[in-house]
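[1] below are the sequence and a predicted model for it; my questions follow.
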Amino acid sequence: MDAAASWQRYQDWLYFHDGLTLYVDISRMGFDDSFVDHLRPKFDRALQAMADLEAGAIANPDEGRMVGHYWLRDADLAPTPELRDEIRKNVADVDAFVGRLHRGEIVAPNGQYFTDAISIGIGGSALGPQFVSKALAGFNPSIQLHFIDNADPAGMDEALAQVQDRLATTLVITISKSGGTPETRNGMVEVRHRFEQAGLDFPRHAIAITAYGSQLANLAQSENWLAFFPMHDWVGGRTSELSSVGLLPAALEGIDIRGMLAGAREMDQATRAVDLRQNPAALLALAWYYAGNGQGEKDMVLLPYKDSLLLFSRYLQQLVMESLGKERDLDGNVVHQGIAVYGNKGSTDQHAYVQQLRDGVPNFFVTFIEVLEDRQGPSLELEPGITSGDYLLGFLLGTREALSQKQRDSITITIPRVTPRIVGALIALYERAVGLYAALIHINAYHQPGVEAGKKAAAQNLSLQKTLQSLLREAEKPLTLQELAQKAQAPDQIETIYQILRHLHANQRGVVLQGNLGVPKTLTATATNY
Ligand SMILES: O=P(O)(O)OC[C@H]1O[C@H](O)[C@H](O)[C@@H](O)[C@@H]1O
């Protein structure tokens, strides 16, 4: 396409949201008008499906649930007066609680202001709060957040080390919709142990965000934790950033949560437009469909040219891949859907993997995110007329052009600056694009059946470990892996047995392996108390 045609196409397809000053440009995706016409009937159905969902339909049929995250930012949309009141009350409760903390009306047991908070959660109970914190907390948050988002003991130690001098003024927020996720429970138990070792009254520091009636809710209630904020079954983990899951941590840091909600609400409104060109979420869904042939054949590479948006790609990885990565469609046909998401930030990534994007396997499309405001305040001129921000834009435009020359497609989203309102709008934009795209490809975006297999296997391994530990304690002589497998009645688990024992051995956990560690069949295991 020559420059004039490309410029015309740019203008024809450029979407602009007046209120948010946000642009979406899909002109560098190679679709043509006939493709758009072909998809239009599917879009009509998808937009209707979104309208039904917002009206309270059971949009998650497998789990028999409504899907209500859009109500969180516009309570009037919720299908019953009770839900509307509850949504408003939840936001007001977060505001009121955090206001009292910031004013020093709620203080740590030692009488001082709370200074820090450790947020413990995983998946949808971590990624949103982490993304928003990095995007918006700035250098001097009212309360400094630290995250434990894994079962890694060393990661827990790191978070605790960050607050070791201030444990007495640290809040602990345990976030889990189900209230039974083992990683989160482990983190909470470890942190609690440190508080107890330090002679601190853990419940006076502890906040739970979880569903009513969950294990975590019961614990918080029975121990009278400092605060409890509910999660609802009609909000999925990966779309919970604008529920108390995301609002409480953000508010603690001093982020304007009403601004985030307002931005999301404005974006929701824009993405109800039935005219595709006027609907930014539909434009993204159209571009994704085109890129991957409606089968996820191309990966989504996210390149925000702004350090504070670093975690957007990680946040979107769960939102997109857990929503779209499905074995079956809504009729039960095997479809193996999904779109892989990765990315970090520009221009940093130009010095890492962009080489492959331009010259290597053409199995991706890029989404550039451009932020118009370079920084707060004036910029130094590095050379006459040129600032660091000019360089950053130059790198973005250069890469976009270089990819285009090699028929590598890209989308560009342009935002004025990174504010609570814009971050709320970006979250909503992608939630809506995922919802629409899922409807286009006829899958349930709101369940995650595939996640269960790994969890079940993990539980079985822990139970096998307990059996092995007790067999070794009772054994009168060292046992080979084969013998242990027989005794544990797990002859087909010998590989797992080896891996469990190797881990116990490496951590001096009461098991010693003898023989050649690299040749499993030579090994014998002994309990160290043998
Ligand atoms: O919030 P929780 O119930 O602890 O769940 C945390 C995460 O774990 C699960 O395995 C799901 O796949 C995620 O969608 C969820 O966000």
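    Structure's in. What do you need?
[2] ok, Gly377 to Pro362 distance?
    41 Å (Cβ to Cβ, to the nearest Å). Quick note: C-beta positions are derived from backbone N, CA and C, even for glycine.
[3] return the residues of the protein in contact with the ligand.
    Within the chain, the positions near the ligand by Cβ under 6 Å from any ligand atom are 122-125, 176-178, 181, 184, 237-238, 322, 448, 451.
[4] looking at Gly377 and Pro362, which has the bigger crowd around it?
    Per other Cβ atoms under 10 Å, whichever of Gly377 and Pro362 has more neighbours is Pro362, with 15 against 5.
[5] contacting residues around the more buried one?
    By Cβ atoms under 8 Å, 6 or more residues apart in numbering, the contact list for Pro362 reads Lys406, Gln407, Arg408.
[6] who's Val341 bridged to?
    Met300 (DSSP bridges).
[7] let me know whether it touches Leu303 as I believe.
    No: if you go by Cβ atoms under 8 Å, Val341 and Leu303 don't touch, sitting 11.7 Å apart.
[8] hmm, back to that, from the residues of the chain next to the ligand, which is closest to Glu86?
    Closest approach between the residues of the chain next to the ligand and Glu86, by Cβ to Cβ: Lys177, at 15.9 Å.
[9] what about the closest one, how many neighbours?
    25.
[10] what's the answer for the one 3 residues further on, then?
    Counted with other Cβ under 10 Å, the neighbours of Gly180 add up to 13.
[11] what's the separation between the nearest residue to it once chain neighbours are set aside and Val341?
    Counting by Cβ to Cβ, 6 or more residues apart in numbering, Gly180 lies nearest to Gln215, which is 5.1 Å off, once chain neighbours are set aside. Applying Cβ to Cβ, the value for Gln215 to Val341 is 32 Å.
[12] so these two - more neighbours on which side?
    For Gln215 versus Val341, neighbours defined as other Cβ under 10 Å are more numerous around Val341 (20 against 15).
[13] who's in contact with that one?
    With Cβ under 8 Å, 6+ apart, Val341 has these contacts: Asp299, Met300, Val301, Leu302, Ser313, Leu316, Gln317, Val320, Met321.
[14] in TSV: those, plus pLDDT and neighbour count.
    Listed next are the contacts of Val341 as TSV, based on pLDDT from 0 to 100; neighbours: other Cβ atoms under 10 Å:
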residue	pLDDT	neighbour count
Asp299	98	18
Met300	98	25
Val301	98	23
Leu302	98	26
Ser313	98	23
Leu316	98	25
Gln317	98	19
Val320	98	26
Met321	98	19
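[15] which residues of the stretch 51-200 of the chain fall in helices?
    Using DSSP state H, counting those that start in this stretch, the helices of the stretch 51-200 of the chain run over 81-102, 127-136, 153-162, 182-197.
[16] quick check: which of those is buried the most?
    Of the helices of the stretch 51-200 of the chain, the one with the most neighbours on average (mean count of other Cβ atoms under 10 Å) is helix 127-136, at a mean of 24.
[17] contact partners of stretch 208-226?
    With contacts defined as Cβ under 8 Å, 6+ apart, stretch 208-226 is touched by 106, 121, 125, 171, 173-180, 184-185, 188, 203-207, 227-233, 244-245, 248.
[18] against Asn444, how distant is the residue nearest to Gly180?
    Separation of Gln215 from Asn444 (Cβ to Cβ) stands at 27 Å.
[19] check which residues of the lowest-mean-pLDDT helix or strand in the chain are buried.
    Sorting the helices and strands of the chain by mean pLDDT, DSSP states H and E puts helix 451-474 at the bottom, at a mean of 91. Buried residues in helix 451-474, counting neighbours by 16 or more other Cβ atoms under 10 Å, are found at Leu464, Gln465, Thr467, Leu468, Gln469, Leu471, Leu472.
[20] find the closest residue to the ligand in the stretch 201-350 of the chain.
    When distances are taken as Cβ to the nearest ligand atom, the stretch 201-350 of the chain reaches nearest to the ligand at Gly237, 2.6 Å away.
[21] just checking, that residue touches Ser125?
    Yes: Gly237 lies in contact with Ser125 (Cβ under 8 Å); the separation is 6.0 Å.
[22] what do those two both touch?
    Common neighbours of Gly237 and Ser125 (Cβ under 8 Å, 6+ apart) are Lys177, Val245.
[23] which residues does Tyr70 contact?
    Residues near Tyr70 by Cβ under 8 Å, 6+ apart: Leu53, Glu54, Leu77, Asp268, Glu431.
[24] same deal with Ile87?
    Trp71, Leu72, Ala75, Ala78.
[25] what does the model give it for pLDDT?
    Turning to Ile87, the model gives it a pLDDT of 97.
[26] give the contact list for the nearest residue to it once chain neighbours are set aside.
    Take Ile87 and drop its neighbours on the chain: the residue closest to it by Cβ to Cβ, 6+ apart is Ala75, 4.1 Å away. Taking Cβ under 8 Å, 6+ apart as the criterion, Ala75 is in contact with Leu83, Arg84, Ile87, Arg88.
[27] rerun that using 10 Å as the cut-off
    By Cβ atoms under 10 Å, 6 or more residues apart in numbering, Ala75 lies in contact with Leu83, Arg84, Asp85, Glu86, Ile87, Arg88, Lys89, Asn90, Val91, Leu261, Arg265.
[28] ok, those vs Asn507, which is closest?
    The closest of the contacts of Ala75, once distances to Asn507 are taken by Cβ to Cβ, is Asn90, at 42.5 Å.
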